[in-house]
Every structure is written in structure tokens, then in C-alpha cells.
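> After the sequence you'll find the predicted model.
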Amino acid sequence: MADQSPLKPFYSVLILAFVCSALVAGAVVGLQPLQEANRQLDRKKNILAAAGLYREDQPIDRLFAGVETRIVDLATGRYVPDDQLDPEAYNQLKAALSTDLGRSLDAAEDPARLRRLEKYSLVYLVKQGETVEQYILPVRGKGLWSTMFAYVAVDADLNRIRGVAFYDHGETPGLGGEIENSRWQQLWQGKRIYADSGEIAIRVVKGKAATDGAQAAYEIDGLSGASLTTQGVDRLLHFWFGDDGFKPFFRQLRQEETSNG
């Protein structure tokens, strides 16, 4: 019997590795549509949860039928026409990293520690007929360990929070991770964002929020044992409801309401 080539085992392993790689790559490509569909369902679920509209016994797509997706120019506060940017295809995190659709933030204008900001943001309108009842806004900012992502639902008066849903973060379980706790999120309901002067007044405080007096309308309990996460949530609120966030959008909506009234 002829001697076997010493390279034969190597070739066998190489062929096996190639076949396995091809199978894994095929599975990844084949599962992409399903993964994307699940991501979209999860996004809709969290938007509905922030608005207080999510129901476990109802199909998410049916519940989301009353939500309109738009894109707003953060600098001007005006809606962007759908034929300019498609809301269904727009990825604002990728936009923030691009040179055309994003910009760098310096430290003085970046309390949320984003480093880069997209020029356009998605917004979600909960409508009853033609009347907007809530605006759901995507927000994010750095906590202790991670970037925290959330949706904040704001009443049609543009100053009262209907609800919040933190849905992605890497904060410490049981401490900063309590931003996902529904009991803590319920504390946000009814809190006011701006003082009568127009200044941002909402705060996530260290310890317990005031229960009476003028500050009670603006304060949210901090997270026990998670002061840096608490500070991160407070900073992201001040950024996204400020001039670089959604304040120009609110200003534009009020101007339109005044001119139409």
C-alpha cells in the first residue's frame, strides 16, 4: 500500500472548515430577513410601551397602525418630506456617524456624551384621526457603562411626559439596570419638562423626588445605588429637550398651532 501523503489530513480539515463556513454564512444570510423583522417588531413594541399602548394580547402591528412615523430636522424643527428621506429606511445611528447626515459635538454641547449627532431624527406620532395625541421621541445618552437607549412619550401639550421605555443598555443589573423597571418608569408619568420660563426643569434627582411644592412636578426619583446612571439619565434628558435636541421641533409645532389657530 502506498504511503499516504502527510498533507492529506490537512486537506481534509481545510475542506471541512470550508463547508462549515459556507453553511454558517448561508444560515446568517438566510436569517437576516427574520432578524430584521424581529428588530422592527421590538422597536414598535417599545414605542407602544412608552405611549402606554402596548397590550400583550394584541398584535403589535395592529396596535402600531395608529402611529405615524416622521423625520424631523433637529436644527429647524421642521418635518422632512418623505421623498427626501424615507422614514422606514432611515437609520439615525448610522446617520450620526456619516459626514453628510451627522456632525461632531464638542464637550460643551454634549452633556449626554454622544460625541456625534444626527441632523435628522425619527419621531412617532400617536394620532386619533388627524389629531396628534402624543409624540414619541427616541433619546440616548451615556450611563456608567453603556449608551442607554429609550423612547419618551410627550403629551400633545409638548410639556407633559406620558411615559418612557428604556430598552437597550449595559448598566449594572439590579442597580443602573433598574432603568428598565416598570415601577420606576411609571414615576415619569405626568412629569413636566419645561418651567413657565421655558427653561428645562425636569430632573432625575439623587434619592427621592419632592412630593409637594413647585419641584414635585419636575422631579423623578434617582436609582438607588446607581448615582452615575442616574446622572446619565438626567443629562440625556437635558440634551434631548434642549436646543440641540427636540426643543426646536416643539417650538415649530407651537408656531404652527398659533398660526393655524
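Cool, got the structure.

> Tell me, how many residues neighbour residue 252?
16 (other Cβ atoms under 10 Å). C-beta here means a position set from N, CA and C on the backbone, and glycine is covered the same way.

> Please apply the same query to residue 239.
Neighbour number of residue 239 under other Cβ under 10 Å is 24.

> What of residue 21?
Neighbours of residue 21 using other Cβ under 10 Å come to 10.

> and the helix or strand harbouring it, average pLDDT?
Using DSSP states H and E, residue 21 sits within helix 8-51. Across helix 8-51, the average pLDDT comes to 74.

> Tell me which helix or strand comes right after it.
Immediately after helix 8-51, counting by DSSP H and E, sits helix 60-63.

> CA atoms of the helix or strand just after that following helix as PDB?
For helix 60-63, the succeeding helix or strand toward the C-terminus, using DSSP H and E, is strand 67-73. Presented in PDB, the C-alpha positions along strand 67-73 are these (Å, rounded to 0.1, in the frame of the first residue of the first chain):
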ATOM      1  CA  VAL A  67     -48.700  55.600  14.900                       C
ATOM      2  CA  GLU A  68     -47.300  57.700  12.200                       C
ATOM      3  CA  THR A  69     -43.500  57.700  11.600                       C
ATOM      4  CA  ARG A  70     -41.900  61.000  10.500                       C
ATOM      5  CA  ILE A  71     -38.500  62.500  10.300                       C
ATOM      6  CA  VAL A  72     -37.700  65.900  11.800                       C
ATOM      7  CA  ASP A  73     -34.800  68.300  11.100                       C
END
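
> chain center to strand 67-73, what's the gap?
14 Å (Cα atoms, centre = their mean, to the nearest Å).

> Show me what that strand packs onto, helices and strands only.
Strand 67-73 sits against helix 8-51, strand 120-128, with contacts defined as 3 or more Cβ pairs under 8 Å, 6 or more residues apart in numbering; DSSP states H and E.

> again, 6 Å this time
Applying 3 or more Cβ pairs under 6 Å, 6 or more residues apart in numbering; DSSP states H and E, one finds that strand 67-73 contacts strand 120-128.

> what's downstream of the strand it packs on, the next helix or strand?
strand 131-142.

> now that next one and strand 67-73, what's the angle there?
Strand 131-142 and strand 67-73 are oriented at 60 degrees to each other (axes from the mean of the first three to the mean of the last three Cα atoms, to 10 degrees).
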